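Participant: Sequence first, predicted coordinates after that:
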Amino acid sequence: MSATEGKRVQPGAAVARWWRAHRWALGQSLARLREHPLGTLLTVAVMGLALALPLSFYLVLVNLAHFGQVLGEGQSINVFLDASATPAMATLLAQGLRAEPVVAAVVVKSPQQGLAELASLQGFGPAIAAMPENPLPWVLVVEPRASAGTANVRRLVARLRADARVAQVQDQGPFRDRLAALRAFGGRLMLTLAALLALAAMLVVGASVRNDIQGRAQEIEVLQLVGAGASFVRRPYLYAGLWLGLLSGLVAIGVTLALEAALAGPAARLDAVWGGRLGLATLDPRPLLVMVLAAAMLGWLGARLASARHLAVSEPG
């Protein structure tokens, strides 16, 4: 009966021991950070500024992609039909284009609509009134999907130019390709920069943990001599690295939001110049949450690598 009761109590006791050990490690990690406030502040500031760079660059890339849609990627393709095209031919071609997976919308403009648009422009009214007949053809305004790749749009333009019913196709393909190449280059640059700065953040945490271990060499040696395991000795340093990473992630978010606020005025004026078409993007909570979690993991990993190496060296033989 007592053996059965012991088995029932044992899991709870194990959880209690686990919680006490981690609570002690948490307290020790916070106490060690408070012992050196200036060093902790400098470490967090350096890591926060380093991690703010890829986050700010991500914000730039998001707006660059939006600029691309406004300035070129999302521009319509103007398809001018042959002068002999009939309304039925224009409607049939528009229906076929609407079935294309890369096409978001197709607007059919009759010669009368095109003439009315020209007449509304300043200086064209008298010249249009003097025309004996309407010289404008049927026009299809094709809007590609935002998710359509440049290669797919290029193939669609090539098919339209080869169509006997089409006289001319106006497309900003080269400009769209330049924007896509610029965005791809920016994305690769952001990933490279993020990897380098993540490595730098890990090294900063590792150096901080190494200095703390070296300053507590005698204390660690006593713990190891009385039978403390490597995980017990290492745990406070892991939590310290986690705290450093978490705080640096919050600093990175604060720096990026401050930069965003500083640029809000010029960005609003730029958007107003473009007639409100730009709609400049701001950081949503998802990348901010990812930044905090990634920074915490980088801090933990840097502390893990440094403590594993230096505690193994200091372990008594």
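Facilitator: Good, I have the coordinates. Numbers count the residues shown, from 1 in each chain.
Participant: check contacts around the nearest residue to A50 once chain neighbours are set aside.
Facilitator: Nearest residue to A50 in three dimensions, chain neighbours excluded: L197, at 4.5 Å (C-beta to C-beta, 6 or more residues apart in numbering). In this view, the C-beta of every residue, glycine as well, is placed from N, C-alpha and C. Applying C-beta atoms under 8 Å, 6 or more residues apart in numbering, we find L197 in contact with A50, L51, L53, P54.
Participant: I figured the third one hits M190, correct?
Facilitator: This means L53. No - contact criterion C-beta atoms under 8 Å: L53 and M190 do not qualify, at 9.4 Å.
Participant: Tally up the residues packed near A13, please.
Facilitator: A13 has 10 neighbours, counted by other C-beta atoms under 10 Å.
Participant: quick one: average confidence on the helix or strand hosting A94?
Facilitator: Following DSSP states H and E, one finds A94 within helix 87-98. For helix 87-98, the mean per-residue pLDDT is 91.
Participant: And stretch 186-203, by the same measure?
Facilitator: pLDDT averaged over stretch 186-203 gives 86.
Participant: If you count neighbours, what's buried in the helix holding A94?
Facilitator: Buried residues in helix 87-98, counting neighbours by 16 or more other C-beta atoms under 10 Å, are found at A90, L93, A94, L97.
Participant: Pull the most distant pair out of those residues.
Facilitator: A90 and L97 (10.7 Å; C-beta to C-beta).
Participant: who touches both of these two?
Facilitator: L140.
Participant: for the protein, which helix is longest?
Facilitator: helix 173-215 (DSSP state H).
Participant: re the thing from before, could you name the helices and strands sitting against the helix holding A94?
Facilitator: Under the contact definition 3 or more C-beta pairs under 8 Å, 6 or more residues apart in numbering; DSSP states H and E, helix 87-98 sits against strand 77-81, strand 103-109, strand 139-144.
Participant: tell me, what residue is most central in this structure?
Facilitator: Closest residue to the average C-alpha location of the chain: Y58 at 4.7 Å, with C-alpha atoms, centre = their mean.
Participant: Go ahead and confirm that one touches M190.
Facilitator: Yes - if you go by C-beta under 8 Å, Y58 and M190 touch, sitting 6.1 Å apart.
Participant: Please, which helix or strand holds the residue nearest to the centre of the chain?
Facilitator: According to DSSP H and E, Y58 maps onto helix 37-68.
Participant: Distance of V209 relative to S307?
Facilitator: 6 Å (C-beta to C-beta, to the nearest Å).
Participant: show me what contacts V103?
Facilitator: So V103 contacts L97, V142, E143, P144, R145, A148, L156 (C-beta under 8 Å, 6+ apart).
Participant: burial count for A85?
Facilitator: 18.
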